[in-house]
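[1] Model the following, please.
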Amino acid sequence: MEDFPYLDKRVQKTKQDLYSVFFELLKQKNYAQITIKDIIQLAECSRGTFYAHYNNKDDLLNEIIHFLFKKMVKAYRSSYINKASINIQKLVDEPLNLLNHFMHYGECYQLLLGNNIQIDFRDKITDAIISLYLKEFDIQSTSDKKKVDVNLLKRYSAYGLAGLILDWIIDDFPIEPYKFSIELMKTIQYSLGTIQIKN
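    Prediction:
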């Protein structure tokens, strides 16, 4: 983990250490078995330092998820910054930045999706992608010009994208990001035409 939006370098290091330690512990035991004592001993920090930032381990977990999703949104948006619309049929590998994000933080995502943690993280990622897709895009037309419920088409596309990416993460990235991004675009292009970017 890196790139914390804090000016104080000590806070940056503390949070980086706590994030790293959290995932190290999650490799070894179930989330329910991880204690504050485990975290502070492995991070070599005091109980007071931990409680200066978090009330409990759930706060740490939620901050980690928020951090990852903030990075995910930034990666997702990077391919269409300063654009008013996108012609889906002309795109080639636009999901690449998003896929690179998931691969960069791959172990973190895999652990959060794994059996050692009993949270609905798969649903959280799916909801985050769908929410972003519905909020940012407005489908203008479909490739075959048939009349469809645009909201249903948007949700169908968003669920499909989220599901394919989640399978890719869980399967330990069997296709490298660039090739997978091209395959994703081919799949999306099969049913979509032009989308308008909402401001």
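[2] switch to C-alpha atoms for all contacts and neighbour counts from now on
    Will do.
[3] Same question for stretch 112-119: list its buried residues.
    Neighbour counts over stretch 112-119 (16 or more other C-alpha atoms under 10 Å) mark Leu112, Leu113, Gly114, Asn116, Ile117 as buried.
[4] same question for it, mean pLDDT?
    Model confidence over stretch 112-119, given as mean pLDDT, is 88.
[5] And it, end to end?
    8 Å (C-alpha to C-alpha, to the nearest Å).
[6] Could you pull out the helices in the chain for me?
    Assigned by DSSP state H, the helices in the chain fall at 9-28, 36-43, 47-53, 57-77, 96-104, 106-113, 121-136, 150-170, 177-189.
[7] Let me know the angle separating the fourth one from helix 96-104.
    Pointing back at helix 57-77 there. In terms of direction (axes from the mean of the first three to the mean of the last three C-alpha atoms, to 10 degrees), helix 57-77 departs from helix 96-104 by 150 degrees.
[8] With just CA atoms, put helix 57-77 into CSV.
    Extracted C-alpha coordinates of helix 57-77, given in CSV (Å, rounded to 0.1, in the frame of the first residue of the first chain):
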residue,chain,number,x,y,z
LYS,A,57,-10.3,-3.3,13.6
ASP,A,58,-13.5,-2.8,11.6
ASP,A,59,-12.6,0.9,11.2
LEU,A,60,-9.2,-0.2,9.8
LEU,A,61,-10.9,-2.6,7.4
ASN,A,62,-13.4,0.0,6.2
GLU,A,63,-10.6,2.6,5.7
ILE,A,64,-8.7,0.0,3.6
ILE,A,65,-11.7,-0.7,1.5
HIS,A,66,-12.4,3.0,1.0
PHE,A,67,-8.7,3.5,0.0
LEU,A,68,-8.9,0.7,-2.6
PHE,A,69,-12.2,2.0,-4.0
LYS,A,70,-10.9,5.6,-4.2
LYS,A,71,-8.0,4.3,-6.3
MET,A,72,-10.3,2.1,-8.3
VAL,A,73,-12.5,5.1,-9.2
LYS,A,74,-9.5,7.1,-10.2
ALA,A,75,-8.3,4.3,-12.5
TYR,A,76,-11.8,3.8,-13.9
ARG,A,77,-12.2,7.5,-14.8
